Every structure is written in structure tokens, then in C-alpha cells.
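**Q** pasted the sequence and its predicted model underneath.
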Amino acid sequence: MDIAQTPVALPSPALARNHVNSTSLRSVERQGGDELTPAQVLAALEKENRILRKKLERSERDRQILETNVDRSERLMRNVITELEASRAALARRGEELEQTLSQLQQAQVQLIEAEKMSALGTLVAGIAHEINNPVGFVHGNVNYMQTYVRELLRIITAYQDAYPIPTPSIQALLEEVDLEFLREDVTKVLQSMQIGTKRISDIVRSLRTFSRLDEADFKDADLHEGLESTLMILQHRLKACGNLPEVKIIKDFEPLPLVECYPGKLNQVFMNLLANAIDAVQERYRKTEGTKPTPQITLKTRQIGDSVAIHVIDNGIGIAEGDRSRLFNPFFTTKPVGHGVGLGLSISYQIVTDQHHGQLVCRSKLNEGTEFIIQIPRRQSHPVATNLPRR
């Protein structure tokens, strides 16, 4: 159909010019020079429509390309994020591995220090005990004979005095010079003091040998009370009054305990560390307290709990701050002043109790009131300890 013969409702030329691209209309006007005809307007509109359609197609292609690029960018971003998360996780794992390695190195260092210290202590104790034991045993054994001999000599002198009540002038002068009556009383006391002294030296030597037990590298049945007593004997010099510090009172609350399968020497080392720290704590509180000072006191308590045994070391010392208790068993951590400790005693004790005896070492403390350490280990290592004591 001829478009010129079909009635078409067209806008006025002025309105059409407003809807048609100004460049196209100006081009048509330059060709005709007069007002636009409907056919020209329609042709211009169709041309403009084709141009717009091409632009739309180009825009659609650009949009598709842009979407493709955006999808590619999003995929790349997701890959980068995934790789970053994987790298972060790997770094976290590496950090944990490094922390574990550091902890293992610290434990190995503590073990080396402990082994070296115990080796040196063992050599020293064995040498001293051997050198002291023989002469002390000789003296202690002969004191009994000396007491007997002196009693017999005094009996003979008494018999002579009864037989010859009037001595010669020279003998009388000698009796007055040496003061025979004083000798009768004092020689007995001297021999008794010698016997007590040699017995104490023998007890100290036996305590040193009991404490070290260096020849016992395997688990064996041991009397823990004996270990506590030997440790107290070795620390006796620190329990006595010294200067302005009073004597540290020891309270023993022992219940009968069965023999415990353990490393006796290592447990004695734990007792030594805990008791030495308790002595430091009670003496420090005594020094720092103004006014009425508390009597330094340490309580040792033993209990049997099912298939395990518990040893409590309780003091009324200075106590431990809450912020320090979580680090108390860490290697090289100490609350003591510089030069008074290296922070290995409690760390070594914790390792001995937990790793080597499958038990627990727990600390309970209140500042300026005191501290309680609880050692709990199974009687037999085939029966690990089961307890509700709080962990450190």
C-alpha cells in the first residue's frame, strides 16, 4: 500500500521537530528549504529509529560485555578472597605450630636444666653422704662404748673412795683441782650430747639419701610421708628463727597412706619446691605486715581419695595475685625479686606431677591470706587419677 494514500494522523511539523533528532531535521530542512512534509518527517523518524536501534544493540553488547567482565571480576575476587582466607588459615596454623614448637623448646630447656641440676645435686649428695657417713657412724657407734667405759671408771673411783675415804694430801689436791664431783655430772651430759649430735648427723645423711634417690630411675612403691619428713629435715635450717624472723611452725595432719607407685626422688623435688616457696611466702608476709604480725605457719595434710592420694601444702603467707595464678606454672615465670628465683621450680613440679605421674597440681590462693597447693596422683600408674579439682 502506498503510504501517501493512507490517512495518517501526524503531529504538526513543529511538534515533530521536537521529537526528532535536531541534526536529522536540520539536514532535511537544508535539502527542502521549506516546511517538512509528513513523508519527510516519517522518513526522519525511521532513520532516527534505526540509529537508536543500532545504539541500543551496541549498548546491549556493551552491557553483556560489562556483565561478563563483572562476572569475571567477581570470580577473580572470590578466588582472591578464598586464597586470602586459606593463607590466613595457613598462617594461623603456622603460628600455632610455632607456639607449640616454642613451648616444646622451653620444656626441653627446663628438662635439660632439671637433669643437669639433679645430676650435680646427686653427685654432691652422694659424695657428702659417703664422706660423712663413715666417720659419723664410727663416732656414733663408739659413743655408746664410751658411756659404758666412763660409767665403769666412775664406779671404780667410787669404790676407791669407799675403801680409802681419807686420801693422801697429793690426791686430795688433785681432786680439788679437777673437781671430781663436777666431772661426774658433766661427763655424762657431754656423752649424751655427743650421742644426740651424731644421731642428728646420721638422720641428716639418711634424709639426703632419701631425698635424692638418684639410683631409682624406675617407678617403685614409696612412702610419701618418708619423703615429706626427709624434705623437712633438709629445710630445717630455714624453719628456725633467724634475726627478726620467728620460727616457722609446721603442722602435720597426716592420715595413713598406702605405698604409692612413683618416682620417689622426683616427688621429693616437688615437695622441696613447694615447701621452699611456702617458707618464702610466710616470711615475706611477716616482714610486710605492720602491727600484729601473724605467726608463720605451714600445714602439711595427706589424704587418700579412692585410687589416688593427695598432699596439701598450705601456708598463711603473702598469697598470689589473681593475674599471676594463670601463669604460675609457666617456665621462667616468677613473682620473686630479681636474684631470688628463676621461675623453674613450679614449672618443673607441674611437669613431674602431670606428665610423669599422670596427676594434678592445683593452686588455690587469696592475696594476703595464704596459698594452698594440692598434689594428687594415682596410687598405681595403670589407674589415672579421676578428680574434680579445678585445673590451673
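**A** All right, it came through fine.
**Q** now do the helices in the chain.
**A** Along the chain, the stretches classed as helices by DSSP state H are 13-19, 22-32, 38-163, 169-178, 180-212, 224-234, 236-239, 264-288, 322-325, 345-351.
**Q** can you say which of those helices is nearest to residue 257?
**A** Each of those was checked against residue 257 via Cβ to Cβ, and the shortest separation belongs to helix 224-234, namely 5.9 Å. Using the backbone N, CA and C atoms, a C-beta is placed for each residue, glycine as well.
**Q** for the closest one, packing partners?
**A** Under the contact criterion of 3 or more Cβ pairs under 8 Å, 6 or more residues apart in numbering; DSSP states H and E, helix 224-234 touches helix 180-212, helix 264-288, strand 297-305, strand 308-315.
**Q** convert the C-alpha atoms of stretch 295-307 to CSV, please.
**A** Output of stretch 295-307 as CSV, limited to C-alpha atoms (Å, rounded to 0.1, in the frame of the first residue of the first chain):
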residue,chain,number,x,y,z
THR,A,295,52.7,-16.5,113.2
PRO,A,296,54.4,-18.1,110.1
GLN,A,297,52.7,-21.4,109.7
ILE,A,298,52.7,-24.2,107.1
THR,A,299,50.3,-27.2,107.2
LEU,A,300,51.1,-30.5,105.5
LYS,A,301,48.0,-32.6,105.0
THR,A,302,47.7,-36.0,103.4
ARG,A,303,44.6,-37.9,102.3
GLN,A,304,43.6,-41.0,100.4
ILE,A,305,40.9,-40.3,97.8
GLY,A,306,39.7,-43.5,96.2
ASP,A,307,42.5,-44.8,94.0
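**Q** show me the shaky parts of the protein.
**A** 1-34, 110-111, 113-127, 129-130, 209-218, 331-344, 382-392 (pLDDT under 70).
**Q** tell me, what residue is most central in it?
**A** The residue at the geometric middle of the chain, judged as the C-alpha nearest the mean C-alpha position with Cα atoms, centre = their mean, is residue 329 (1.5 Å).
**Q** number of nearby residues for the residue nearest to it when sequence neighbours are not counted?
**A** For residue 329, ignoring the flanking residues on the chain, the nearest one in space by Cβ to Cβ, 6 or more residues apart in numbering is residue 350 at 4.0 Å. Other residues within reach of residue 350, judged by other Cβ atoms under 10 Å, total 22.
**Q** hmm, back to that, export the helices and strands packed on helix 224-234 as JSON lines, with columns for mean neighbour count and distance to residue 133.
**A** Converted to JSON lines, those look like this (neighbours: other Cβ atoms under 10 Å; distance: least, Cβ to Cβ, whole Å):
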{"stretch": "helix 180-212", "mean neighbour count": "15", "distance to residue 133": "5"}
{"stretch": "helix 264-288", "mean neighbour count": "21", "distance to residue 133": "19"}
{"stretch": "strand 297-305", "mean neighbour count": "17", "distance to residue 133": "28"}
{"stretch": "strand 308-315", "mean neighbour count": "22", "distance to residue 133": "29"}
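**Q** would you list these in JSON lines and tack on distance to residue 360?
**A** Supplementary listing: the helices and strands packed on helix 224-234 in JSON lines, determined by distance: least, Cβ to Cβ, whole Å:
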{"stretch": "helix 180-212", "distance to residue 360": "23"}
{"stretch": "helix 264-288", "distance to residue 360": "12"}
{"stretch": "strand 297-305", "distance to residue 360": "11"}
{"stretch": "strand 308-315", "distance to residue 360": "9"}
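**Q** so for residue 354, which of these sits nearest?
**A** Proximity to residue 354, assessed across the helices and strands packed on helix 224-234 by Cβ to Cβ, is greatest for helix 264-288 (10.9 Å).
**Q** centre of the chain to the closest one, how far?
**A** Using Cα atoms, centre = their mean, to the nearest Å, the distance from the centre of helix 264-288 to the centre of the chain it belongs to is 16 Å.
**Q** need the CA coordinates for stretch 171-178. CSV is fine.
**A** Written as CSV, here are the backbone C-alpha positions of stretch 171-178 (Å, rounded to 0.1, in the frame of the first residue of the first chain):
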residue,chain,number,x,y,z
ILE,A,171,95.4,-36.9,145.8
GLN,A,172,93.2,-34.5,147.8
ALA,A,173,94.9,-31.6,146.0
LEU,A,174,94.3,-33.3,142.6
LEU,A,175,90.6,-34.0,143.5
GLU,A,176,90.1,-30.3,144.3
GLU,A,177,92.0,-29.3,141.1
VAL,A,178,89.9,-31.4,138.7
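**Q** against residue 304, how distant is residue 256?
**A** As for residue 256, its distance to residue 304 is 8 Å (criterion: Cβ to Cβ, to the nearest Å).
**Q** ok, the residue nearest to the centre of the chain - contacts?
**A** Neighbouring residues of residue 329 by Cβ atoms under 8 Å, 6 or more residues apart in numbering: 346, 347, 349, 350, 361, 392.
**Q** how about these in CSV, adding distance to residue 94?
**A** Written out in CSV, the entries for these read as follows (distance: Cβ to Cβ, whole Å):
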residue, distance to residue 94
346, 30
347, 26
349, 32
350, 27
361, 31
392, 27
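**Q** by neighbours, which of these wins?
**A** Using other Cβ under 10 Å as the neighbour criterion, residue 361 leads the contacts of residue 329 with 25 neighbours.
**Q** how far away is it from residue 164?
**A** Residue 361 is 74 Å from residue 164, where distance means Cβ to Cβ.
**Q** what does residue 72 give?
**A** With distances taken as Cβ to Cβ, residue 72 is found 133 Å from residue 164.
**Q** surely residue 347 meets residue 353?
**A** No: contact between residue 347 and residue 353 fails when scored by Cβ atoms under 8 Å: they sit 11.2 Å apart.
**Q** what about the nearest residue to residue 180 once chain neighbours are set aside, how many residues nearby?
**A** Excluding the flanking residues, the one nearest residue 180 by Cβ to Cβ, 6+ apart is residue 157, at 7.3 Å. Counted with other Cβ under 10 Å, the neighbours of residue 157 add up to 14.
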